[in-house]
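Enquirer: I need the structure of the sequence given here:
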Amino acid sequence: MVDMLYNPCQVMRARALDEKGDAMVAPAIVLTAPEPDDLTVAGALQAIRRTLAEYRTDLAVELAFLGGKPSVAKALANLAAADQRESVLVPLDLTSAASHDPRLDEERAHGLQRGLNVVISRPIGPATELLNILDERVREILQRKGVLELDALVLAVPAGGDIRGNGLLARRARQWSAHHKLPVQLAVDEGDGRITAAAVAMLRTQGRRYIAVGSLFLVPDEHYFLHLDAALRAGAVAVTEPIGHSEHLSQLILARYAFGAMELLDGHPQPLALDEDDDGEPVLPEDS
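Expert: All right, here's what the predicted structure looks like:
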């Protein structure tokens with residue numbers, strides 16, 4: 001839930017003037033992701049960056065790859081050359097809620113050594129808002145396939161999330177089930193599609209025949225296509241496209257950015273309490 005009673009974005013916008021009354025520059029956003037395995041994936045990630053930059057034209061937005069080009073160091077250097085010395089690194093990770101690739105800590109340390117002010121935000125994570133994007137993707141694929149009814153869903157996600165992220169994914173499956181009043185099977189896929197296929201097969205043994213798979217994959221990489229093929233072979237009537245770029249995703253990125261930017265203001269990391277949901281709000285009942 002991106003809209004919060006306490007909204008750090010509003011705090012950052014309130015930081016519009018310095019003590020002399022001069023305009024201050026908001027911290028830049030550096031979206032980070034592992035090096036893409038092909039041009040299609042790179043293009044999909046660039047589309048996410050462009051959509052965010054168009055959504056918030058007042059912010060500098062860069063995309064950097066861990067282990068690839070442009071690197072995080074290069075992105076920070078480009079921003080510094082434009083007199084942008086404060087940046088928030090936002091991991092484009094939908095499955096981890098709190099942890100990030102340790103290489104980001106190294107990049108941050110190098111930035112600090114060069115006199116830059118750099119913080120790392122929480123990953124996007126399995127936020128509740130992603131279910132709204134999934135619903136849009138489900139409607140799109142059902143209309144395209146001419147499917148008129150469903151009797152079960154599979155929530156398929158790539159493996160690799162942290163412990164808290166895995167717990168939130170189970171919560172999202174329950175919430176999705178309650179919302180649609182359909183059984184939902186969670187499939188944490190190891191990259192070869194077998195777990196997704198097994199989830200579809202399990203629902204079919206329960207008599208379900210019109211099964212759609214919601215793909216909580218960010219971009220159409222090799223693992224997504226293996227999952228897609230496995231799901232269809234197992235009998236799914238429809239498999240959604242990856243999350244990709246959208247205004248909803250931009251809002252989630254901005255929420256993560258805002259909490260990270262608060263650390264630049266007070267110098268202290270923003271804590272994630274164990275009794276809070278992924279968006280920093282108190283946990284609500286499943287049927288709320």
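Enquirer: can you list the weak-confidence ranges in the chain?
Expert: Low-confidence segments of the chain (pLDDT under 70): 1-24, 266-288.
Enquirer: remind me, longest helix of it?
Expert: Longest helix in the chain, counting residues (DSSP state H): helix 247-266.
Enquirer: list the buried ones in that helix?
Expert: Within helix 247-266, the residues that qualify as buried are 248-264, counting by 16 or more other C-beta atoms under 10 Å. For glycine as for every other residue, the C-beta is placed from the backbone atoms N, C-alpha and C.
Enquirer: quick check, P126 in a strand?
Expert: No. With DSSP: H, G, I helix; E, B strand; the rest coil as the criterion, P126 is located in coil rather than a strand.
Enquirer: what about dumping the CA coordinates of stretch 147-165 to PDB?
Expert: C-alpha atoms of stretch 147-165 as PDB (Å, rounded to 0.1, in the frame of the first residue of the first chain):
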ATOM      1  CA  VAL A 147     -10.900 -17.700 -21.600                       C
ATOM      2  CA  LEU A 148     -14.200 -17.000 -20.000                       C
ATOM      3  CA  GLU A 149     -13.800 -18.700 -16.600                       C
ATOM      4  CA  LEU A 150     -11.200 -19.700 -14.000                       C
ATOM      5  CA  ASP A 151     -11.400 -22.200 -11.200                       C
ATOM      6  CA  ALA A 152      -7.900 -21.900  -9.800                       C
ATOM      7  CA  LEU A 153      -4.800 -19.700  -9.800                       C
ATOM      8  CA  VAL A 154      -1.100 -20.300  -9.400                       C
ATOM      9  CA  LEU A 155       1.100 -17.500  -8.000                       C
ATOM     10  CA  ALA A 156       4.500 -18.300  -9.600                       C
ATOM     11  CA  VAL A 157       7.600 -16.500  -8.400                       C
ATOM     12  CA  PRO A 158      11.400 -16.900  -9.000                       C
ATOM     13  CA  ALA A 159      13.400 -18.400  -6.200                       C
ATOM     14  CA  GLY A 160      16.000 -16.400  -4.400                       C
ATOM     15  CA  GLY A 161      14.100 -14.300  -2.000                       C
ATOM     16  CA  ASP A 162      15.000 -13.700   1.700                       C
ATOM     17  CA  ILE A 163      13.200 -15.300   4.600                       C
ATOM     18  CA  ARG A 164      10.900 -12.300   5.200                       C
ATOM     19  CA  GLY A 165      10.100 -12.100   1.500                       C
END
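Enquirer: show me what counts as buried in that stretch.
Expert: Across stretch 147-165, burial judged by 16+ other C-beta under 10 Å covers L150, A152, L153, V154, L155, A156, V157, P158, G161, D162, R164, G165.
Enquirer: likewise for stretch 49-60?
Expert: For stretch 49-60, using 16+ other C-beta under 10 Å, the buried residues are R49, T51, L52, A53, Y55, R56, L59, A60.
Enquirer: now, which of those residues sits nearest A197?
Expert: Minimum distance to A197 across those is 32.0 Å, recorded for T51 (C-beta to C-beta).
Enquirer: please report how far the closest one lies from D105.
Expert: Noted for T51: a distance of 28 Å to D105, by C-beta to C-beta, to the nearest Å.
Enquirer: now swap in D37 and tell me
Expert: 24 Å.
Enquirer: next one: L150
Expert: As defined by C-beta to C-beta, L150 lies at a distance of 43 Å from D105.
Enquirer: what does A98 give?
Expert: According to C-beta to C-beta, A98 and D105 sit 14 Å apart.
Enquirer: neighbour-wise, which of the two wins?
Expert: Shown here are A98 and D105; by other C-beta atoms under 10 Å, A98 has more neighbours (15 against 12).
Enquirer: report whether that one is found in a strand, as I expect.
Expert: No. Applying three-state DSSP, one finds A98 to be coil, outside a strand.
Enquirer: that one - nearest residue in space that isn't next to it in sequence?
Expert: Among residues not flanking A98 along the chain, R164 sits closest, at 5.1 Å (C-beta to C-beta, 6 or more residues apart in numbering).
Enquirer: so which elements touch the helix or strand containing the one you found?
Expert: Following DSSP states H and E, one finds R164 within helix 163-180. Counting contacts by 3 or more C-beta pairs under 8 Å, 6 or more residues apart in numbering; DSSP states H and E, helix 163-180 packs against helix 129-145, strand 152-158, strand 184-189.
Enquirer: outside of that helix itself, list whatever touches it.
Expert: Here helix 163-180 makes contact (C-beta atoms under 8 Å, 6 or more residues apart in numbering) with 95-98, 123, 125-126, 128, 130-131, 134, 150, 153, 155, 157, 161, 183-186, 188, 214, 216, 272, 277-278, 286-287.
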